[in-house]
Structure formats: C-alpha cells, structure tokens
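A.B. asks: have a look; sequence and predicted model below, questions after that.
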Amino acid sequence: MGFMKEIERKFLVNEDKLPELPEGARMVQGYLSFNPTVRVRTEEGPGDSKKAYITIKGSGMLGRDEYEYDVPFEEAGQMLKLAHASLVSKTRYRLPLKDHPGLKWELDLFEGDNAGLVVAELEIPDENYEFPRPEWLGKEVTEDPAYKNALLAQHPFKDW
C-alpha cells in the first residue's frame with residue numbers, strides 16, 4: 001500500500017448478461033473530506049476476513065494520485081461515524097481477466113441509498129491499455145463524476 005498512481009476505467013453493467021458471481025466482499029465507506037478526498041472503508045468477507053483502509057485521493061477522473069493505508073477494523077468503524085455525508089454500502093465481486101495476469105474487474109452492487117446501481121471498474125497499468133470487454137459491460141462512465149463513490153455519498157442514486 002502507500003502511494004500509487006490509480007488509472008481506472010468505470011462502466012455500467014448489463015446485469016442480465018452477468019455470469020455466476022463468486023463470493024463477494026461487503027464494503028462500507030464514508031468520506032471525511034471531499035477536497036482532497038479522504039475515505040475510510042471497511043471490508044468483510046469472503047470467510048471471516050475483515051480489513052479496513054484510509055485512502056487519500058488526488059483530483060482527476062481517469063488517473064489520479066492515491067495514498068492508501070491499513071487501519072484497525074474497529075477504529076475504521078469509529079471513523080465512519082465522522083463521515084460528512086451518507087455512507088456508501090456495496091458488495092464487491094472480483095473477476096480476474098483471462099490472459100491479463102494481475103488485472104481484475106471489480107463489480108460493485110450498491111445498496112441502501114444507491115440500490116439499483118451496478119458498476120464495474122478496472123485498474124489498468126496505463127491510460128492506453130487495451131483490455132477485453134465482456135458482454136455484460138455497458139456504457140463507459142469513467143469521465144462522468146456522478147458515478148464517483150464520493151459523489152454517490154453526497155448525491156445518492158435514489159435521488160437521480
């Protein structure tokens with residue numbers, strides 16, 4: 001963890017074309033700041049695994065600086081009480097890309113105020129990286145700020 005340059009593409013999902021999904025991880029995240037973005041996230045599952053992170057993200061849509069650090073799970077739960085907007089809850093499914101070692105789709109099924117929204121993200125090594133597009137992949141929304149999790153905390157999908 002620590003510093004990395006995050007280059008991520010984001011897409012809507014055609015749910016009716018999804019394959020059977022593996023076990024997912026339940027995530028709850030809240031935002032302590034929006035400029036810069038400071039996020040606290042807890043993650044539970046598969047099995048009994050529990051993790052928590054604090055992440056600081058720079059500005060940008062496709063590529064941006066990111067600093068991420070492990071924090072104790074219980075402390076992250078307390079930090080979530082300090083969130084400036086509503087918490088974002090989702091279940092994340094990780095789907096590896098065939099013939100692209102180390103790359104995986106992160107498929108998020110949102111819950112609560114963002115229920116009904118399903119988004120797939122792919123972190124790629126550079127902005128021009130070519131990758132296969134599965135049949136369940138829908139419209140690209142990388143450049144649409146409404147789909148950023150920080151904005152979903154402030155302007156949930158149910159209010160669109």
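C.D. replies: Great, that's in hand. Residues are numbered from 1 along each chain as shown.
A.B. asks: which positions within stretch 80-91 qualify as buried?
C.D. replies: 80, 83, 86-91 (16 or more other Cβ atoms under 10 Å). Glycine gets a C-beta too; all of them are placed from N, C-alpha and C.
A.B. asks: my error: substitute stretch 32-50 in the last question.
C.D. replies: Result for stretch 32-50 [16+ other Cβ under 10 Å]: buried residues 37-43, 50.
A.B. asks: tell me the one of these nearest residue 20?
C.D. replies: residue 43 (21.7 Å; Cβ to Cβ).
A.B. asks: now residue 17: how far from residue 157?
C.D. replies: Distance of residue 17 to residue 157, computed by Cβ to Cβ, to the nearest Å: 21 Å.
A.B. asks: which of the two has more neighbours?
C.D. replies: Counted by other Cβ atoms under 10 Å, residue 17 and residue 157 do not tie: residue 157 has more neighbours, with 16 against 11.
A.B. asks: quick one: the strands in this protein?
C.D. replies: Here the chain has its strands, by DSSP state E, at 2-13, 25-34, 37-44, 50-57, 63-70, 88-96, 104-110, 118-123, 137-140.
A.B. asks: for the second one, give me every contacting residue.
C.D. replies: Yep, that's strand 25-34 we're talking about. 37-46, 49, 79-80, 82-85, 87-92, 94, 108, 149-150, 153-154 (Cβ atoms under 8 Å, 6 or more residues apart in numbering).
A.B. asks: between that strand and strand 50-57, how big is the angle?
C.D. replies: 30 degrees (axes from the mean of the first three to the mean of the last three Cα atoms, to 10 degrees).
A.B. asks: do the same with the third one
C.D. replies: Orientation check (the same axes, to 10 degrees): strand 37-44 against strand 50-57 gives 170 degrees.
A.B. asks: any residues touching strand 37-44, and which ones?
C.D. replies: By Cβ under 8 Å, 6+ apart, strand 37-44 touches 25-32, 49-58, 71, 73, 76-77, 79-80, 83, 92, 149-150.
A.B. asks: quick one: buried ones out of the residues you listed?
C.D. replies: So, of the contacts of strand 37-44, 25, 27-31, 50, 52-57, 71, 76, 79-80, 83, 149-150 end up buried under the neighbour-count rule (16+ other Cβ under 10 Å).
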